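A.B. asks: Sequence first, then the predicted structure:
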Amino acid sequence: MESARCKAFLESVERGSFKAAADALGYTPSAVSQLVAALEKELSLNLLIRSKKGVTVTDEGRKLVPIVRSFLAREKEMYELASELQGLSVGNLTIAAYPSVATTWLPELVRTFQRDYPGIEFSIMEGVRQEIFQHLDQHEADMAFLAYAEPMNYEWIPLAEEEMIAVLPEDHPLAAEKAYPVKHLEKDNVIMTSWGQDAEILDIFRRNHVAPHVKYTTYDTPASLAMVRMGLGVCICNELAAQYWNDHLIKLPLDPPARATFGIAYTSEEHMTAAAKKFLAYAVQYLTQPE
């Protein structure tokens, strides 16, 4: 199976047209169409439905997508192993991460890594838990930085404990208190991240038998914090996510206290590229060293 055919197929699926796939790959639309047709002939399957509006993946094609990604990942692994044997001079890494990690840990970590391996290219894919798991399952990401929650169906390396906090507007009645009672979530308007499905926060609700008054849901923490600052409610998040948000906000520890364990998830070290293995080692050393 030729990798060019696989790449043409994946780009067409992701972008919805041969023209967009061609632009991404540097081919002509005709060449992309021919590559996909050749793959369909090789597999004796119809993978895409063609129309004037573009292309859509068939059921058979959808089932093949993760396998094709895995095939291309192994090809990438082969070339990067060859690179490692030559001194890890080239390669690329795709990291999936919570926005909080992408804006705090990763910039310094990537800078440190690039000093030793300037030829490695990086792609950072920010997302919530569900998206991160999808990136791992689809072989789109080499590893992921997120908080631990069950189920965790990947290899896992814990890195750091982060306190969960309540973030309140300046004029909140509890702004002068030393801690925010979790039970008070039943009285306040609550702003929830991850479309209301944040695993760490839902766990706090369950453990404390709280039925919060969820008034608003957002995609990620910055949007929630901006709404808190406008006085629309309160939100619960990890301390890392609110690290750079200090103006016109009150941050309080929870009562009872709660913490989230952040770490790295990955599917298999055996199938990691040379660059991914090296970056994993850097991350563990950098993020677990004493301050």
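C.D. replies: Nice, I can see it. Numbering: from 1, shown residues only.
A.B. asks: any idea how far the closest residue to residue 200 other than its chain neighbours lies from residue 288?
C.D. replies: Spatially, and ignoring its direct neighbours in sequence, residue 200 is nearest to residue 260 (4.7 Å; Cβ to Cβ, 6 or more residues apart in numbering). C-beta coordinates here come from the backbone N, C-alpha and C atoms, glycine included. Separation of residue 260 from residue 288 (Cβ to Cβ, to the nearest Å): 16 Å.
A.B. asks: who has more neighbours, these two?
C.D. replies: Per other Cβ atoms under 10 Å, whichever of residue 260 and residue 288 has more neighbours is residue 260, with 24 against 12.
A.B. asks: Quick one: list the elements packing against the stretch of helix or strand the more buried one belongs to.
C.D. replies: Per DSSP states H and E: residue 260 is located in strand 259-266. Judged by 3 or more Cβ pairs under 8 Å, 6 or more residues apart in numbering; DSSP states H and E, the packing partners of strand 259-266 are helix 129-137, strand 143-147, strand 155-169, helix 274-288.
A.B. asks: Out of the ones you listed, which one sits most buried?
C.D. replies: Greatest average neighbour count among those goes to strand 143-147 (a mean of 25), per mean count of other Cβ atoms under 10 Å.
A.B. asks: Quick one: distance of that one to the chain centre.
C.D. replies: 7 Å (Cα atoms, centre = their mean, to the nearest Å).
A.B. asks: which residues sit against it?
C.D. replies: 95-98, 101-102, 105-106, 129, 132-133, 135-136, 154, 162, 199-200, 238, 260-266, 272, 276, 279-280, 283 (Cβ atoms under 8 Å, 6 or more residues apart in numbering).
A.B. asks: For residue 255, which non-adjacent residue is closest in space?
C.D. replies: In space, residue 255 is closest to residue 179, 3.9 Å off (Cβ to Cβ, 6+ apart).
A.B. asks: Settle this for me: that neighbour is touching residue 251, isn't it.
C.D. replies: No. Contact between residue 179 and residue 251 fails when scored by Cβ atoms under 8 Å: they sit 10.9 Å apart.
A.B. asks: Show me which of the two is the more surrounded one.
C.D. replies: Counted by other Cβ under 10 Å, residue 179 and residue 251 do not tie: residue 251 has more neighbours, with 17 against 14.
A.B. asks: who does the host helix or strand of the more buried one touch, helix- and strand-wise?
C.D. replies: Residue 251 belongs to strand 249-255 when elements are defined using DSSP H and E. If you count contacts as 3+ Cβ pairs under 8 Å, 6+ apart, strand 249-255 packs onto strand 155-169, strand 180-181, helix 221-229.
A.B. asks: what's near enough to touch the closest residue in space to residue 69 that isn't next to it in sequence?
C.D. replies: Spatial nearest neighbour of residue 69, chain neighbours left out: residue 139 (3.8 Å); criterion: Cβ to Cβ, 6+ apart. The neighbours of residue 139, taking Cβ under 8 Å, 6+ apart as the test, are 66, 69, 70, 72, 73, 267.
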